[in-house]
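Student: just a sequence and a predicted model for now, questions to come.
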Amino acid sequence: MHTGLERWIECSPPPSSARLGLLFNQASVTSDLELAADYLARKCPRQLTALFSPQHGLWGEQQANMVESDHSWYQPLQLPLHSLYSETRRPTPEMLEAIDILAIDLQDVGTRVYTFAWTMLECLHACAAAGKKVVILDRPNPLGGETVEGHVLSHGFESFVGGAPVELRHGLTMGELVGFLCHIHEIDVEVEVIKMPKWERQLWIPGTQPGTSATWIWPSPNMPTLSTTLVYPGQVLLEGMNLSEGRGTTRPFELVGAPFMDAADWLAELSKWELPGVRLVATRFQPTFDKFANQSCQGLDLQVTNPELFRSVETTVALLASATAMWPEHVRLLPPPYEYEREKPPLDILWGNAQLRTTLSQIRSGDLQWLAARDLIRDTKPSWNERFSDFLLY
């Protein structure tokens with residue numbers, strides 16, 4: 001599948017006089033796996049003048065949660081590489097001074113709390129102020145565009161893991177998000193979206209339809225496979241709790257557990273939920289870093305058996321509610337800071353409001369049966385259709 005990167009050059013290349021900037025990382029490649037910067041430098045000689053990287057750095061080397069990347073130099077092209085996850089997350093006027101057009105080519109994972117969309121938002125604000133054009137080189141949403149999950153972000157809970165009222169699993173591409181972001185934030189900036197010629201909304205993972213590619217290059221160190229993207233919309237909520245989400249193992253977000261748990265008992269309790277599309281397997285694991293580093297954790301292995309039926313957010317709410325009910329003396333919220341939010345609990349900005357935290361606290365106090373947490377899961381697709389119909393490109 002040709003993404004917006006190749007289609008831009010093939011069908012509507014930038015003017016030969018335009019100085020180009022590129023926001024990208026190691027997952028920004030052509031269908032032949034050529035890195036975006038090298039491809040543009042080859043196709044548009046002497047036009048590429050500045051490079052930018054998002055969270056985790058150009059090569060995805062940095063871990064999450066305010067582990068910043070330094071500004072550096074891209075040696076193969078002898079170009080400056082500005083980190084947009086450093087002392088600033090918005091390009092400065094000095095960074096934009098050398099360019100006329102900022103091209104954004106980032107592989108999103110279809111989940112609101114992944115920071116690439118919010119780096120794009122910061123770029124929109126900066127380019128509007130500097131009078132620079134933005135070109136979005138669109139890429140597939142690996143979760144497709146037909147299923148949405150989780151609550152819409154509530155006003156007052158905006159952060160760098162959520163800058164607009166969208167669902168946890170949002171069903172949009174970066175090219176579709178950009179139109180909504182400009183609208184909701186009233187950003188007056190020139191934007192061009194280069195669409196993908198063959199992507200369709202039902203393609204929940206690239207490669208499920210003839211003629212598309214299943215190549216996956218991780219866009220961040222804990223998003224190693226397409227399977228990770230399936231569980232991430234819900235499992236990322238574990239970052240707000242003292243349960244391991246599998247960081248420090250070879251299965252980030254596909255494992256969950258803690259040293260104080262009994263995996264067999266937890267599995268038996270979760271049978272009440274009848275969770276579709278997933279098999280939960282009792283297991284043990286020992287993270288090498290992050291939560292419970294070098295400690296043996298009992299927990300569960302999430303084996304997705306039917307991606308079309310599987311609902312990650314519902315599954316993780318069941319995990320959190322049942323764990324809270326079974327180990328109330330151990331399970332707790334983690335305090336801020338989290339992704340530059342220093343006041344609100346991390347779980348609140350991940351979920352998008354305080355409702356999940358409030359429900360879990362009621363479970364902890366015994367005032368609410370944990371199965372009542374099912375009320376947190378509801379179908380948001382009708383309101384999604386109404387809010388995004390004007391911005392859909394596929």
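Tutor: Now that the structure is in, tell me what you want to look at.

Student: hey, let's count contacts and neighbours off CA atoms from now on
Tutor: OK.

Student: how long is stretch 13-31 end to end?
Tutor: Counting by C-alpha to C-alpha, to the nearest Å, you get 18 Å between the two ends of stretch 13-31.

Student: mind picking out the helix or strand in the protein with the poorest mean pLDDT?
Tutor: helix 355-365 (a mean of 89; mean pLDDT, DSSP states H and E).

Student: for that helix, the distance to its chain's centre please.
Tutor: The chain centroid and the centroid of helix 355-365 are separated by 25 Å under C-alpha atoms, centre = their mean, to the nearest Å.

Student: one more: stretch 4-21?
Tutor: 26 Å.

Student: where does the nearest residue to Leu275 once chain neighbours are set aside sit: helix, strand or coil?
Tutor: Residue nearest to Leu275 in three dimensions, not counting chain neighbours: Thr315, with 6.5 Å by C-alpha to C-alpha, 6 or more residues apart in numbering. Recorded secondary structure, Thr315: helix (DSSP: H, G, I helix; E, B strand; the rest coil).

Student: isn't Thr315 up against Pro233?
Tutor: No: under the criterion of C-alpha atoms under 8 Å, Thr315 makes no contact with Pro233, lying 10.0 Å away.

Student: neighbour count: the two, which is higher?
Tutor: Using other C-alpha atoms under 10 Å as the criterion, Thr315 and Pro233 rank with Pro233 on top: 30 against 23.

Student: contacts only, for that one.
Tutor: Gly110, Thr111, Arg112, Glu149, Leu168, Arg169, Ser312, Val313 (C-alpha atoms under 8 Å, 6 or more residues apart in numbering).

Student: can you check Val313 too?
Tutor: Per C-alpha under 8 Å, 6+ apart, neighbours of Val313: Glu149, Gly150, Pro233, Gly234, Gln235, Ile377.

Student: just flag the most distant two among the residues you listed.
Tutor: Gln235 and Ile377 (14.6 Å; C-alpha to C-alpha).

Student: who's more crowded, those two?
Tutor: Ranked by neighbour count (other C-alpha under 10 Å), Gln235 and Ile377 place Gln235 first, with 28 against 14.

Student: JSON lines for the contacts of Val313, including pLDDT?
Tutor: JSON lines is the format used below for the contacts of Val313 (pLDDT from 0 to 100):
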{"residue": "Glu149", "pLDDT": "95"}
{"residue": "Gly150", "pLDDT": "94"}
{"residue": "Pro233", "pLDDT": "98"}
{"residue": "Gly234", "pLDDT": "98"}
{"residue": "Gln235", "pLDDT": "98"}
{"residue": "Ile377", "pLDDT": "84"}
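
Student: so which of the residues you listed belong to helices?
Tutor: Pro233, Gly234, Gln235 (DSSP state H).

Student: please write out the alpha-carbon positions of stretch 334-344 in CSV.
Tutor: Extracted C-alpha coordinates of stretch 334-344, given in CSV (Å, rounded to 0.1, in the frame of the first residue of the first chain):
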residue,chain,number,x,y,z
LEU,A,334,-0.5,6.1,40.8
PRO,A,335,0.1,9.8,41.5
PRO,A,336,1.1,12.5,39.1
PRO,A,337,3.2,13.6,37.3
TYR,A,338,2.3,11.8,34.1
GLU,A,339,3.1,13.2,30.6
TYR,A,340,3.6,16.7,31.9
GLU,A,341,0.3,16.7,33.9
ARG,A,342,1.3,17.5,37.5
GLU,A,343,-2.0,17.7,39.3
LYS,A,344,-4.7,15.4,38.0
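
Student: could I get the buried residue list for it?
Tutor: Leu334, Tyr338, Glu339, Glu341, Lys344 (16 or more other C-alpha atoms under 10 Å).

Student: neighbours of Thr215, how many?
Tutor: By the criterion of other C-alpha under 10 Å, Thr215 has 13 neighbours.

Student: can you tell me the closest non-neighbouring residue to the spatially most central residue of the chain?
Tutor: Centrality entry for the chain: nearest residue to the mean C-alpha point is Tyr114, 2.4 Å, by C-alpha atoms, centre = their mean. Leaving aside its sequence neighbours, Tyr114 sits nearest to Val161 (C-alpha to C-alpha, 6+ apart; 6.2 Å).

Student: distance of the one you found from Trp218?
Tutor: Val161 sits 19 Å away from Trp218, going by C-alpha to C-alpha.

Student: those two - which one has more neighbours?
Tutor: With neighbours defined as other C-alpha under 10 Å, Val161 and Trp218 compare such that Val161 has more, 25 against 19.

Student: was I right about the more buried one contacting Leu350?
Tutor: Yes: between Val161 and Leu350 there is a contact at 7.0 Å, judged by C-alpha under 8 Å.

Student: find residues that contact each of the two.
Tutor: In contact with both Val161 and Leu350: Val113, using C-alpha under 8 Å, 6+ apart.

Student: residue boundaries of the strands in the protein?
Tutor: Under the criterion DSSP state E, the chain carries strands at the ranges 20-23, 48-53, 72-74, 79-83, 101-104, 133-137, 191-194, 255-258, 278-285, 297-304.

Student: how about the ones you listed in a markdown table, adding distance to Leu181?
Tutor: What follows is the strands of the chain, written out as a markdown table (distance: least, C-alpha to C-alpha, whole Å):
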| stretch | distance to Leu181 |
| --- | --- |
| strand 20-23 | 18 |
| strand 48-53 | 20 |
| strand 72-74 | 29 |
| strand 79-83 | 22 |
| strand 101-104 | 15 |
| strand 133-137 | 13 |
| strand 191-194 | 11 |
| strand 255-258 | 33 |
| strand 278-285 | 33 |
| strand 297-304 | 32 |
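
Student: export those to a markdown table and tack on distance to Met326, mean pLDDT and mean neighbour count?
Tutor: Conversion of the strands of the chain to a markdown table gives the following (distance: least, C-alpha to C-alpha, whole Å; pLDDT from 0 to 100; neighbours: other C-alpha atoms under 10 Å):
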| stretch | distance to Met326 | mean pLDDT | mean neighbour count |
| --- | --- | --- | --- |
| strand 20-23 | 45 | 98 | 25 |
| strand 48-53 | 43 | 98 | 24 |
| strand 72-74 | 48 | 96 | 15 |
| strand 79-83 | 43 | 98 | 21 |
| strand 101-104 | 46 | 98 | 24 |
| strand 133-137 | 47 | 98 | 22 |
| strand 191-194 | 49 | 98 | 19 |
| strand 255-258 | 13 | 98 | 27 |
| strand 278-285 | 16 | 98 | 18 |
| strand 297-304 | 13 | 98 | 22 |
